[in-house]
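> Quick one: sequence plus predicted model below, questions after.
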Amino acid sequence: MKVYDDVLGIIGNTPLVRINNITRQHGIKAQIYAKMESLNPGYSVKDRIGVSMIDDAESKGILRKGGTLIEATSGNTGIGMALVAAVRGYRCIFVMTDKVSVEKRRYLKALGADIVICSAAAKYGSPDHYVATAKRIAEETPNSFYPDQYNHPANPLAHYRTTGPEIWRDTEGKITHFVASIGTGGTITGTARYLKEMNPNIKVIGADPYGSIFKTYKETGQVPEATPYLVEGIGQNIPVGNADVRIIDEIINITDRESFEMSRQLGRQEGIFCGGSAGTIFAGALRAAKDLDENAVVVFIVCDTGEHYLTKHHSDEWMKEKLLLEPQKITAGLIVETKNSGAPEELISVSPEETVVSALDIMGAAGVTQIPVIENGASVGSLRESQILQKLVQNRDLLEARVGDVMDKGFPTVDVDTGAGEIKRKLQKSPAVLIESFGRITGIITRSDVLDLPR
Ligand SMILES: Cc1ncc(COP(=O)(O)O)c(C=O)c1O
């Protein structure tokens, strides 16, 4: 029978998949291949080290039956360790920062782990920092194992023994460039050590977020002040034991905007649904491949799945809130969807048969100064408080009149896919714009709704 003893048996041996459409668009001649670590059973590259660090502890007698696994993690190492814990009957506690996506937190809980969340703002070395917190919990918990993925040799060793040889085997030794991120450094250090042993001419490129220290640290030996960035799981504010920057030939800094854009493009144009760090790395790979010829074979790591980030960079709402969405991608539909912090909005409107007094009541209750008049789903006019009040000053009897008899002309209507620029232009002439979807008016955008959009 072709079967596995447990889920840990399907870790690794991930395929290399060629990038086609994006490379063509960029005029890149080199072959670029994605190493699909997102296909591991815990959907990330870190499954490899969960099992290797725990195997090591078991073989040395550090971890005994019924023990507790404790680690500081951006989520994926926790998931890798939780798979082992589930299979082998350990308890686990993972300490993470509040930057970690809600998807990864829930995933860990679903695998039976306990999680502790610390503020991402806590400085390294302070007792509230997530690494210090994990260490303290480990000290206080009997029969526990705290691997410390930042320094544990079984982390790079897992990649030296598996990731590197797989890439060498699957490219038949033709790889010329290897691109990875640097979180703990395990992936890049271990894989690069193996590949450079096989062929010292292979170029190793690290892709690192702006704000992380690695580029300056490699190039000058100095540790600069780190600044925050949004991509999860990569970069550091201090050097870490498993990140051997000497083995990396070049480090390229990538912005959050480019990382997320590239991650989104990999999904849309190649069907590779991945996390933000894969976007950072792919952006680095494109840059490295720019002037290479067709004999170059560039392999980059797809560290984890996009499913971990459905509420983050794979959400237009989140991207808009972080001012990371390109202005042309901000559509009428998205503005309406996001104007109430994501809560669905019911379009407030009146019918032409309503009396003016009840229309004013509706406007007052909703706190709006203008309202569309809608009949059978179509816009037939509008009421604007200032103009109605002006008319009422002259003739109070109008309070009982039909809205249809006193209304002004309707607000301009645009399709849900209309871009923000066009909407802003319309709002210079009209106080509101109506949104139409499949022939029905579904929403309204007023001037205040576009104030926070990028120019
Ligand atoms: C999403 C993601 N990408 C990349 C990495 C970096 O891998 P490494 O720690 O091997 O440098 C991590 C590490 O946790 C991660 O979670």
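Perfect, I can see it now.
> Near the ligand, which residues of the stretch 101-250 of the chain are found?
Residues of the stretch 101-250 of the chain found near the ligand (CB under 6 Å from any ligand atom) are 181, 182, 183, 184, 185, 186, 187, 188, 232, 233, 234. Placement of C-beta: from N, CA and C, glycine included.
> you'd agree the third one is in a strand?
No - the assignment for residue 183 by DSSP: H, G, I helix; E, B strand; the rest coil gives coil, which leaves it out of any strand.
> From what I see, it and residue 233 are in contact.
Yes - Residue 183 lies in contact with residue 233 (CB atoms under 8 Å); the separation is 5.1 Å.
> Compare those two (neighbour count), which wins?
It is residue 183, of residue 183 and residue 233, that has more neighbours when counted by other CB atoms under 10 Å, with 28 against 25.
> got the CA coordinates for the strand or helix carrying residue 131 in CSV?
In the assignment (DSSP states H and E), residue 131 maps to helix 130-140. These are the backbone C-alpha positions of helix 130-140, laid out as CSV (Å, rounded to 0.1, in the frame of the first residue of the first chain):
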residue,chain,number,x,y,z
TYR,A,130,7.4,37.5,23.2
VAL,A,131,10.8,35.7,23.3
ALA,A,132,11.4,36.6,26.9
THR,A,133,7.8,35.5,27.7
ALA,A,134,8.3,32.1,26.0
LYS,A,135,11.5,31.6,28.0
ARG,A,136,9.9,32.5,31.3
ILE,A,137,6.9,30.1,30.6
ALA,A,138,9.4,27.3,29.7
GLU,A,139,11.3,27.9,33.0
GLU,A,140,8.1,27.7,35.0
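> Which elements pack onto it?
The contact analysis (3 or more CB pairs under 8 Å, 6 or more residues apart in numbering; DSSP states H and E) places helix 130-140 against strand 68-72, strand 91-97, strand 114-118, strand 144-145.
> can I get those in TSV with mean neighbour count and mean pLDDT?
TSV is the format used below for these (neighbours: other CB atoms under 10 Å; pLDDT from 0 to 100):
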stretch	mean neighbour count	mean pLDDT
strand 68-72	26	95
strand 91-97	23	96
strand 114-118	16	95
strand 144-145	21	95
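> quick one: residue 413 and residue 423, what's the gap?
Separation of residue 413 from residue 423 (CB to CB, to the nearest Å): 11 Å.
> which one of the two has more residues nearby?
Applying other CB under 10 Å to residue 413 and residue 423 shows that residue 423 carries more neighbours, namely 21 against 16.
> Assign a three-state SS to that one, would you?
At residue 423 the chain is in helix, as set by three-state DSSP.
> Which residue is the nearest non-sequential neighbour of the one residue sitting closest to the centre of the chain?
Nearest to the mean C-alpha position of the chain, counting by CA atoms, centre = their mean, stands residue 313 at 3.6 Å. Closest residue to residue 313 apart from its sequence neighbours, by CB to CB, 6 or more residues apart in numbering: residue 260 at 4.0 Å.
> My understanding was that residue 53 contacts residue 153; is that so?
No - counting by CB under 8 Å, residue 53 does not reach residue 153; the two are 9.2 Å apart.
> More neighbours: these two, which one.
Neighbours around residue 53 and residue 153, counted as other CB under 10 Å, are more numerous at residue 53. The numbers are 28 against 15.
> Now do the contacts for the residue lying closest to the more buried one once chain neighbours are set aside.
Spatial nearest neighbour of residue 53, chain neighbours left out: residue 147 (4.1 Å); criterion: CB to CB, 6+ apart. Counting by CB atoms under 8 Å, 6 or more residues apart in numbering, residue 147 makes contact with 53, 54, 57, 69, 71, 81, 154, 155.
> if we can go back for a sec, now do the shared contacts for residue 183 and residue 233.
By CB under 8 Å, 6+ apart, the residues touching both residue 183 and residue 233 are 74, 277.
> how's the protein carved up into domains?
The chain breaks down into these domains under automatic domain parsing: 1-314, 330-450.
> Tell me which of these sits most buried.
Mean neighbour count (mean count of other CB atoms under 10 Å) peaks for domain 1-314 among the domains of the chain, with a mean of 20.
> and that domain, how far out from the chain's middle?
What separates the centre of domain 1-314 from the centre of its chain is 14 Å, taken as CA atoms, centre = their mean, to the nearest Å.
> Report the secondary structure state of the spatially closest residue to residue 19 that is not a sequence neighbour.
Leaving aside its sequence neighbours, residue 19 sits nearest to residue 32 (CB to CB, 6+ apart; 4.5 Å). Under three-state DSSP, the three-state class of residue 32 is strand.
> pLDDT weak spots in the protein?
By pLDDT under 70, the weakly predicted segments of the chain are 340-345, 454-455.
> What values do phi and psi take at the residue of the stretch 301-450 of the chain found nearest the ligand?
Using CB to the nearest ligand atom, the single residue of the stretch 301-450 of the chain nearest to the ligand is residue 303, 3.3 Å away. Main-chain torsions, residue 303, degrees, to the nearest 10: phi -70, psi -40.
> what's near enough to touch it?
Contacts of residue 303 were listed using CB under 8 Å, 6+ apart, and they are 37-38, 44-46, 76, 181, 187, 233-234, 274-275, 277-278, 281.
> Which residues does the helix or strand harbouring residue 168 contact?
Here residue 168 sits within helix 164-170, counting by DSSP H and E. Here helix 164-170 makes contact (CB under 8 Å, 6+ apart) with 12-16, 35, 175, 178, 190-195, 198, 299.
> at 6 Å what do you get?
For helix 164-170, the surrounding residues in contact (CB atoms under 6 Å, 6 or more residues apart in numbering) are 16, 175, 191, 194, 195, 198, 299.
> out of everything not next to it in sequence, what's closest to residue 419?
Among residues not flanking residue 419 along the chain, residue 328 sits closest, at 5.5 Å (CB to CB, 6+ apart).
> for that neighbour, helix, strand, or coil?
Using three-state DSSP, the structure places residue 328 in helix.
> what do you get for residue 257?
Classified using three-state DSSP, residue 257 is helix.
> ok, now how distant is it from the ligand?
Distance of residue 257 to the ligand, computed by CB to the nearest ligand atom, to the nearest Å: 18 Å.
> and if you look at residue 27?
Noted for residue 27: a distance of 28 Å to the ligand, by CB to the nearest ligand atom.
> Ok, residue 223 next?
18 Å.
> A helix includes that residue, no?
No - counting by three-state DSSP, residue 223 is not found in a helix; it is coil.
> Please report phi then psi for it.
Dihedral angles (degrees, to the nearest 10) for residue 223: phi -110, psi 110.
> Tell me which residues touch it, please.
So residue 223 contacts 213, 217 (CB under 6 Å, 6+ apart).
> try 8 Å this time
Contacts of residue 223 (CB under 8 Å, 6+ apart): 213, 216, 217, 238, 239.
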